[in-house]
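**Q** have a look at this prediction, sequence included:
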Amino acid sequence: MAIGRLRLKKHRYDFPPYRPPSEAESLLLRVTRGCNWNKCTFCSMYRDIPFERRPLAEIKRDIHYARDLYREETKTVFIADSNSLVMKADDMVAILGALYGSFPNIERITSYARAKTLLKKSFDDLKLIRDAGLTRLHVGLETGSGKLLEKIRKGITPDEFAEGCAKVKDAGFELSVYVLLGLGGEEMLEEHAIETAALLSRIDPHYIRVRTLQPQPGSEIYDDMLEGRFNKALPETILKEQKKFLENADVSSCYLSDHLTNYLPVNGVLPKDRKKMLSIISEGLTALENDPAVKESFSRKDRIKKL
């Protein structure tokens, strides 16, 4: 449970609905509500939340409440919702200043960010925000395939994504990029895996975090699946796709399968742990073919309807 959930609730603290698994022990601070893009076909997370930038006074009020309860124990902070960098740079600097001034033991502050926003943001503004103490950005790529990016209405091209990420790294941020396994369904395994590996090889992010597509009610891709327009990838396909990605990714990244949707715990540092990770996948494919218990455990993942 993220820090403060129970004790801050009575103060009308505005908790964000989502955070990365890596921020499970973080103080959660909501700077924006919803998603300013909100068009991706695979995502239903913010469909019922109108987008808005929270007033600076409200944000500082929440920081004040959290400080009174968790001043010494807060070591990490996650800033939400989906794309906090749409805030003006001066406002982000003020928010970061209030956080560091309130919590003396902070070691890391992270946030989600949309790649198109990073592309449009000036380098000077990004550097200003980084120097003020925002340390890591979580950015959803999903796929390196231009065809798939267009199909899922991601609103960015592979080249634009690479350019935005280069600015982030040059500004000094840690970069965590998300890949959505199975996004191409049964038909586009090869293109999804190879082109994603190629794009991430250009970017070389600090972290690659994989999720497995489990279509959720409220998303277009869920409706497409029910009506036969999208052929959801089988577990075997997902594992083969992940294997092909790892075989082709020329990166020096920490690779993490840190989400409940993933079939196997494939984790390591590339290229050092590539052989070990590929072995885990090969063993998983064998078990999937021969062990009914493994088939059932994977099947339970396919029934997840609340992320």
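**A** Received the coordinates, thanks.
**Q** quick one: the strands in the stretch 101-250 of the chain, in order.
**A** Using DSSP state E, counting those that start in this stretch, the strands found in the stretch 101-250 of the chain span residues 108-113, 136-142, 174-181, 207-212.
**Q** can I see the domain layout of this structure?
**A** Following automatic domain parsing, one finds the domains of the chain at 1-134, 137-146+159-307.
**Q** save the strands of the stretch 101-250 of the chain as TSV, and put in mean neighbour count too.
**A** The way it works is simple: take the backbone N, C-alpha and C, and place the C-beta from them, glycine included. TSV is the format used below for the strands of the stretch 101-250 of the chain (neighbours: other C-beta atoms under 10 Å):
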stretch	mean neighbour count
strand 108-113	24
strand 136-142	24
strand 174-181	23
strand 207-212	23
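**Q** mind putting the ones you listed in TSV, distance to Ala293 included?
**A** Conversion of those to TSV gives the following (distance: least, C-beta to C-beta, whole Å):
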stretch	distance to Ala293
strand 108-113	36
strand 136-142	31
strand 174-181	22
strand 207-212	19
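**Q** dump the ones you listed to a markdown table, plus distance to Lys295 and mean pLDDT.
**A** Listed next are these as a markdown table, based on distance: least, C-beta to C-beta, whole Å; pLDDT from 0 to 100:
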| stretch | distance to Lys295 | mean pLDDT |
| --- | --- | --- |
| strand 108-113 | 34 | 97 |
| strand 136-142 | 27 | 97 |
| strand 174-181 | 18 | 98 |
| strand 207-212 | 16 | 97 |
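**Q** and of these, who's closest to Ile280?
**A** strand 207-212 (12.9 Å; C-beta to C-beta).
**Q** and the contacts of that closest one?
**A** By C-beta atoms under 8 Å, 6 or more residues apart in numbering, the residues outside strand 207-212 that reach it are 20, 22, 138, 174-182, 200, 238, 242, 249, 251, 253-259, 261-263, 266, 270, 301.
**Q** and what of stretch 238-255?
**A** Contacts of stretch 238-255 (C-beta under 8 Å, 6+ apart): 179, 181-182, 184, 189-190, 192-194, 196-198, 200-201, 203-208, 210, 212, 233, 263-264, 266-271, 273-274, 277-278, 281-282, 284-285, 288.
**Q** now do the buried residues in that stretch.
**A** Counting neighbours by 16 or more other C-beta atoms under 10 Å, one finds that the buried residues in stretch 238-255 are 238-246, 249, 251, 253-255.
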